[in-house]
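have a look at this prediction, sequence included:
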Amino acid sequence: MYAVELKGITKRFGPVIANNHIDFQLKLGEIQALLGENGAGKTTLMRILYGLYHADEGKIVVNDREVQIRSPRDAIVNRIGMVTQHFTLVPTLTVAENVALGYTQGFHLDPKKLEADVAASAKRFGIEIDPHALVRHLSVGERQRVEILKSLYRDARVLILDEPTAVLVPQEVDVLFATLNRLREDGMSLVFISHKLYEVMAICDRISVLRDGKAVGTVEKEKTSQSELARLMVGRETFGVTRQGENHPGKPLLRLDRVSAVDKKGLPALKNITLEVCQGEILGIAGVSGNGQTELAQVLSGTLKPSSGEIRVGEKKLTGADPAEFTAARVGRIPEDRHGGVVGEMSVADNLALENLDKFVRSGMLDRKAILENAKRLIAEYQIKASPTDRIRTLSGGNMQKVLLARALARDPLLIIAPQPTRGLDVGATDYVRKKLLEQRDAGTAVLLVSEDLDEIMALSDRIAVIYEGQIVGVVAARDATAEQLGLMMSGAWEVAHAEN
Amino acid sequence: MLKIERRPAPVWVRAVIPLAAILVTFILTSILILVAKANPFEAYYHFLIAPLSGQVSAIEVLVKSTPLLLTGAAVTFAFSAGYWNIGAEGQLLAGAIAAAGLGMALETFPPIVAIPVMILGGFLAGMVWAAIPALLKVKLAVDEVVTTLLMNTVILFLISFLLNGVWRDPLSGWPQSAQIADSAIFPKLIPRSRLHLGFLLAWVVIGLIWLVINRTALGMRMRSVGMGPEAARFAGVKVGRTMLTAALVSGGIAGLAGVSEVAGIHYHLIEAISANYGYTGIIAATLGGLNPLGVSLAALFIGLIDTGAQSVSRALGVPIFLGNVVQATLLLVTLGMLLLQNYRIRRV
Amino acid sequence: MDIFLVGLIAATLRVATPLIFGTLGELICERAGILNLGIEGTMFLGAFTGFAVASVTGSLWLGFAAAVAAGVIAGLLMGLLTVRLGVNQHVSGLGLTLLLTGISLFAYRIIFGERSVQPSIDTFPKLAPFGNLPVLGPIFEQYALTYLAIALVPLLWWLIYRTNFGLQIRAAGENPEATDAAGVNVFRVRFLALAIGGGLMGAGGAFLSLAQLGSFIFGIISGRGWVCIALIIFANWHPVRVLWGALLFGGVFALQLRLQSTGMKLPYELFLALPYLVTIIALTLAGRNASAPAALLKPYRRE
């Protein structure tokens, strides 16, 4: 008997098939990894099991009985718990209060009794936590333990952990693994979603690999290697993409020297990054999302101040500069989140002009005619399907991206920062954006391309740098790169594999 | 089967909202009118039609609207940049203090000097009073709503202090200031009426803020900060500086409303110089959808209701406070209805 | 002990009473995540309703009960606007204040008409539960409602920190997403908090008309609602500190009244303004309002 069995799970989001007839079996008392790249469908599959999504097709079987799970409540009733990447804790309450919230009995609240109950539960499962502590004083690792305890307190026998080590430092990872081992010995069944190969090999008994929404195989740890897993994950030996001609790079233009930065939560996101991008080349930053790419782009766009290090564009020092200074230094920047990067209620024309307002001012007044002309010109040039006066939030994703691209290229930049430029776009828009970036490269512009799409990185980049946990683990020439090598680097296993060789 | 979805509503909904809101307000307040043993239709005739049917009362509508045009403009200017200026009331009072002070001191100057000086002084006073909450918001992210409310209360104490102390009118002994100089009194726009320069000043200000918001780079930056601060910041807009500018100018405009009441209506500084004009300005700004023209119409409409309330009271014996209830109801109903813009009904 | 001091303490307790009611009411709203600027209007409504019902029925306690009920309805109306509809809390609160004030004045005129002499009623009597104490006697001669207000402080502390409902309020005000994820109905919690808060605010207004004044005048609240808003920040959102803050504000007010009557040439307005200025300074020092409920002012919508 399996603890949980998923049969033929299919889930579509519009035209995208996130889960494609996936079968999945979780044995009793095992830790199984769910491995795959971004967009492979791992989180979607588990969210279906936890009741946050509904499958379009397929069955869920718990302890040999088919069940309907329509909400987290149903999952909890079936003794399934999930620890998500974003914690749902109330910082100003104690651990005990957080654990018990929504699961309390009666009217009266006796903190001492509650803390004793929670302490007993924690002790039973070997989880070290002080029930009296305020959550806001806890480290990230401790907060994660509170999240785990929440599920255990509700009698879970199956626990899903979604990228649990993404926010932990190595010491906390050890503590987490010790906890997970204890839970397994207690007879619990755990699903460990991850993209990190060496961790998966360290803690899990079996590993299921997903790729592009399909299950590509389940292997036992003893019978596989990191290289094989990398291959399964990434799925191809060569990328079979025609490269767009040779490039002849010029002098280095963008220089990052030991740049470190801290993300919005206060955690280290970039650790001593040293990078160069030359004129007339595209440097692709490859990596699984959440490894510091967002912060790298932010630090190069002026929306995040580095905590140390230096950033230079040509001769200009732009460390900690604000967005206007970057634009003035002829850095063309595209925002990573296009919806947060445009002023939705303003017109296309106004959005196009916003970054360069001083060019559209005549004797103190906005030159509306010039703004309109500018918009018409760019709309034609970039084939944007919109009129200048349309409110930009009515545009499709592809057209919105073209607007942002047009704006970034408007001042004939020396350097382009392009994070996830084709994310969520249709084929036509994607081709267009890629074509434009290549054009810029051929004209001598330096381009920093950040993408979760490995195909795209391979097709467009001249050199590829892989980012993992805030560090650059390697830089290779694109024509020399192999799937296995990139897969290993992106999963943090490069050093280990190197050592093995 | 009809299904309600959270998607933007068709554009015509936006245009219909003011009319629908007025209709719903009519229905709701009819209850009160009936309790007062009057006929709702008659009451609304007196509210909306009667004031416009006579010259004197029509002019009174304009007079009553004057301070609202200015506070409405002030609030609109700040709200456009995402700064919640609840302190228009206090800034108005600051402007009134400055107007009274300057007005009393400018005895020996001709109107061509005295009036512009008073206007400028009132504007600056309003700016100064708006500065503390604005700086706290921009530099320390302190919520501007509470601070501006507190400032509103503090300045009332200041006025009380002045009027019971150094500024107490030696002639009458009442807690009011001495009369301002004759040269500082706003000239009348229509002879022998109550309509004064303030009305003209209000329209000039409205024209100017329309110009700034829609036709200047500052205005575009303000709107981008108000509608999408993240995107604005990415595009290089200095969000803090823009918001500060909007807050200070807004304070100045509210100060002008205070000048207008002192120099145009009362000629003294009194404790009751403002009948909640600062707060009513917020109503006008909300009803007008933060569009200077819409806000002006809303201000005129509220002026109409204020005048009409007097008419309703006289003719039907309905308490004059019905006017306040109508305004507040209209605001709340409009607020509720504005959210309808976020929903679409679809046939499924 | 100086007679002046004893009189001052007695007056302080009296003056602080409506502030305690109002601030505790606002506190429970804000802890749940709603800034209720309708407090000024709710207190006004409470003052009027209490007075009107007491006048008509002849029963002060019935008037008080009606005032509380009116406050509850006002709270639910605020809930309709901010919780159910998700309207901006600032504007709906101010609008509600204007509405309730207008309705109260309107209804007052309807019921009592326009008279040259304001109608009045016999107020609540003062209690002297400890009999006629020498020297300190006047301090304990307070209205029943004052004793009630003081008793409400530990009661509200208990409600917020020692009941599951209070836990849910605190959670909803800090992190409604997490609270929703935990299976708690955030909307219901906020509605209840607003209802309880409204009732307390109504009680505060009723105190003024039924105990302190015995009549209803248009300036009966005159900004006390905003004082309560300031007091919450002063008290760092904690019920027990609300009591100290109310006593402080009340004390300053009582002091300036007494000083005025002695004919001292002090700018008593400065005294009155001082607590507000101190609150602004407190806000500046606290910087980012470190103790404010994190989800205050953000409407929660389940996407």
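Received, thanks. Remember, it's a predicted structure, so these values are computed and weren't measured experimentally.

which positions in chain C make contact with chain A?
Contact residues (C-beta under 8 Å from any C-beta of the partner chain) of chain C with chain A: C:161-168, C:170-171, C:174-175, C:177-179, C:181-184, C:294. Glycine gets a C-beta too; all of them are placed from N, C-alpha and C.

buried subset of those residues, written for ChimeraX?
Selection of buried members from the residues of chain C next to chain A for ChimeraX, criterion 16 or more other C-beta atoms under 10 Å in any protein chain shown:
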select /C:163,164,165,166,167,168,170,171,174,175,178,179,181,182,184
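
would you map the helices across chain C?
Applying DSSP state H to chain C gives helices spanning C:3-31, C:39-57, C:60-79, C:89-112, C:137-140, C:144-162, C:164-174, C:176-181, C:186-207, C:224-234, C:239-261, C:268-286.

how about a markdown table for those, with mean pLDDT added?
Formatted as a markdown table, these follow (pLDDT from 0 to 100):
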| stretch | mean pLDDT |
| --- | --- |
| helix C:3-31 | 92 |
| helix C:39-57 | 95 |
| helix C:60-79 | 96 |
| helix C:89-112 | 92 |
| helix C:137-140 | 79 |
| helix C:144-162 | 94 |
| helix C:164-174 | 94 |
| helix C:176-181 | 87 |
| helix C:186-207 | 96 |
| helix C:224-234 | 85 |
| helix C:239-261 | 84 |
| helix C:268-286 | 77 |
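
make JSON lines from these and add distance to residue B:58 to it.
Shown next, in JSON lines, are the helices of chain C (distance: least, C-beta to C-beta, whole Å):
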{"stretch": "helix C:3-31", "distance to residue B:58": "42"}
{"stretch": "helix C:39-57", "distance to residue B:58": "32"}
{"stretch": "helix C:60-79", "distance to residue B:58": "35"}
{"stretch": "helix C:89-112", "distance to residue B:58": "25"}
{"stretch": "helix C:137-140", "distance to residue B:58": "59"}
{"stretch": "helix C:144-162", "distance to residue B:58": "50"}
{"stretch": "helix C:164-174", "distance to residue B:58": "50"}
{"stretch": "helix C:176-181", "distance to residue B:58": "50"}
{"stretch": "helix C:186-207", "distance to residue B:58": "39"}
{"stretch": "helix C:224-234", "distance to residue B:58": "36"}
{"stretch": "helix C:239-261", "distance to residue B:58": "45"}
{"stretch": "helix C:268-286", "distance to residue B:58": "41"}
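
buried residues in the top helix by length along chain B?
Taking DSSP H as the criterion, chain B has its longest helix at helix B:111-140. For helix B:111-140, the neighbour count (16+ other C-beta under 10 Å) marks B:111, B:114-115, B:117-138 as buried.

can you check stretch C:232-243 too?
Buried residues in stretch C:232-243 (16+ other C-beta under 10 Å): C:232-235, C:237-239, C:241-243.

CA atoms only: put it into CSV for me.
Extracted C-alpha coordinates of stretch C:232-243, given in CSV (Å, rounded to 0.1, in the frame of the first residue of the first chain):
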residue,chain,number,x,y,z
ILE,C,232,-3.8,54.4,20.4
ILE,C,233,-0.5,55.4,18.9
PHE,C,234,0.5,56.9,22.2
ALA,C,235,-0.5,53.6,23.9
ASN,C,236,1.4,51.5,21.3
TRP,C,237,-1.8,49.5,20.6
HIS,C,238,-1.9,48.0,24.1
PRO,C,239,-5.0,48.1,26.2
VAL,C,240,-3.5,48.8,29.5
ARG,C,241,-1.4,51.7,28.2
VAL,C,242,-4.6,53.1,26.8
LEU,C,243,-5.7,53.7,30.4
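
list the helices and strands the longest helix of chain B packs on?
The contact analysis (3 or more C-beta pairs under 8 Å, 6 or more residues apart in numbering or on different chains; DSSP states H and E) places helix B:111-140 against helix B:88-105, helix B:144-164, helix B:239-261, helix C:268-286.

which of those helices sits most buried?
Across the helices and strands packed on helix B:111-140, averaging neighbours per residue (mean count of other C-beta atoms under 10 Å in any protein chain shown) puts helix B:88-105 on top, at a mean of 29.

which strands and helices lie in contact with it?
Packed next to helix B:88-105, using 3+ C-beta pairs under 8 Å, 6+ apart, are helix B:55-80, helix B:111-140, helix B:144-164, helix B:239-261, helix B:277-287.

quick check: mean pLDDT across the longest one?
Right, helix B:111-140. For helix B:111-140, the mean pLDDT works out to 93.

which parts of the stretch 1-150 of chain A sit against chain C?
A:72-73, A:87-93, A:97, A:100-111.

hang on, residue A:24 in a helix?
No - going by DSSP: H, G, I helix; E, B strand; the rest coil, the assignment for residue A:24 is strand, not a helix.

report the contact partners of it.
Residue A:24 is in contact with A:4-6, A:9, A:34, A:45, A:208, A:215, counting by C-beta atoms under 8 Å, 6 or more residues apart in numbering or on different chains.

show me what it is bridged to.
Judged by DSSP bridges, the bridge partners of residue A:24 are residue A:6.

from residue A:356, how far off is residue B:217?
Residue B:217 sits 10 Å away from residue A:356, going by C-beta to C-beta, to the nearest Å.

so residue A:34 is in which element?
Assigned by DSSP states H and E, residue A:34 belongs to strand A:31-35.

ok, for residue C:166, nearest residue in space, not its chain neighbours?
residue C:160 (4.0 Å; C-beta to C-beta, 6 or more residues apart in numbering or on different chains).

ok, back up a step: in terms of mean pLDDT, which of the helices and strands packed on helix B:88-105 ranks lowest?
When these are ranked by mean pLDDT, helix B:144-164 comes last with a mean of 88.

any idea how far the residue in chain C that chain A sits nearest to is from residue A:95?
Taking C-beta to the nearest C-beta, chain A has its nearest neighbour within chain C at residue C:182, 3.3 Å off. From residue C:182 over to residue A:95 the distance is 14 Å, taken as C-beta to C-beta.
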